[in-house]
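*Asks:* Next input, structure requested:
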Amino acid sequence: MTLQKKDFIEIEFTGKTKEGAIFDSNIKEDLKKANLNFEPKPFIFCLGEGMFLESVDNFLIGKEIGKYNIELEPEKAFGKRDAKLIQMIPMKIFREHQTNPVQGAMFNFDGRPGKILSVSGGRILVDFNNPIAGKDVIYKIKVVRKLEKQEEKIKALVEFLFRKDFKFEVKDTLKGTSKKLILQVDKGFKQFAELFKDKFKEIFDLDLEAEEISGEEETKK
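*Replies:* Below you'll find the predicted structure:
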């Protein structure tokens with residue numbers, strides 16, 4: 001069974017640097033080795049839709065269900081290191097947030113993760129490069145299965161995009177010429193959910209319609 005673009009597949013995977021440092025995985029034993037303290041979960045994604053590293057995506061299209069080792073140079077993984085992303089941050093920024101910069105610590109700067117390289121007086125050198133930038137990486141991939149049921153595919157995409165298990169229903173439109181996806185979302189979430197209308201139309205040929213559930217329904221949920 002050859003994998004094609006827009007196929008939904010479930011994989012078990014581990015990403016590590018060429019030196020052997022594991023940086024991502026959904027395999028329990030590998031998470032334990034890397035001291036990554038979170039529970040492994042099945043990872044399901046749609047091929048060719050930017051839901052996983054592009055080079056891995058491209059490699060898997062045209063392959064069979066099975067196991068693969070994928071070696072990637074920095075340009076095809078997380079990019080080369082960029083000297084411009086190493087910046088000096090004044091100490092007052094840390095004081096305003098009541099935090100103490102320590103060499104080696106990671107901080108979030110308005111959504112940008114940065115690693116403290118050095119602390120010298122009121123000058124803190126911060127590296128905003130991806131921690132894996134400039135490194136050759138190896139992905140160990142096992143394609144467990146290809147999803148066939150539309151309901152399971154929709155559920156996987158909803159959870160990937162919104163990090164929530166929203167209820168949904170597929171219905172015929174009034175004219176009966178197409179189908180629509182009714183997605184029940186939390187109060188205040190409707191506008192955000194409908195930003196992804198084009199994605200659901202492209203993958204499933206479904207017109208997305210988000211409905212906010214009432215307070216009573218939300219409590220039951």
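*Asks:* So Q191: helix, strand or coil?
*Replies:* When classified by DSSP: H, G, I helix; E, B strand; the rest coil, Q191 comes out as helix.
*Asks:* From L117, how far off is it?
*Replies:* Going from Q191 to L117 by C-beta to C-beta, to the nearest Å gives 40 Å. Quick note: C-beta positions are derived from backbone N, CA and C, even for glycine.
*Asks:* neighbour count winner among these two?
*Replies:* Looking at Q191 and L117 with other C-beta atoms under 10 Å, you find the greater number of neighbours at L117, namely 13 against 10.
*Asks:* pretty sure the more buried one contacts N129?
*Replies:* No - the criterion here is C-beta atoms under 8 Å, and L117 misses it with N129 at 10.4 Å.
*Asks:* overlap in contacts of the two?
*Replies:* I86 (C-beta atoms under 8 Å, 6 or more residues apart in numbering).
*Asks:* gap between Q87 and G111?
*Replies:* Distance from Q87 to G111, counting by C-beta to C-beta: 15 Å.
*Asks:* for K28, same thing?
*Replies:* Separation of K28 from G111 (C-beta to C-beta): 30 Å.
*Asks:* buried sites along the lengthiest helix in the chain?
*Replies:* The longest helix of the chain (DSSP state H) is helix 150-162. Across helix 150-162, burial judged by 16 or more other C-beta atoms under 10 Å covers 153-158, 161-162.
*Asks:* just those residues now: which is nearest Y68?
*Replies:* Of all the buried residues of helix 150-162, Y68 sits closest to A156, with 20.8 Å by C-beta to C-beta.
*Asks:* Excluding residues flanking it in the chain, which one is nearest that closest one?
*Replies:* Distances taken as C-beta to C-beta, 6 or more residues apart in numbering place I44 nearest to A156, at 4.0 Å, with adjacent residues excluded.
*Asks:* ok, what's across the strand from that neighbour?
*Replies:* Taking DSSP bridges as the rule, I44 bridges to E10.
*Asks:* Surely it is in contact with F13?
*Replies:* No - counting by C-beta under 8 Å, I44 stays clear of F13, with 11.7 Å between them.
*Asks:* If anything else comes up later, I'll come back, but that's it for now.
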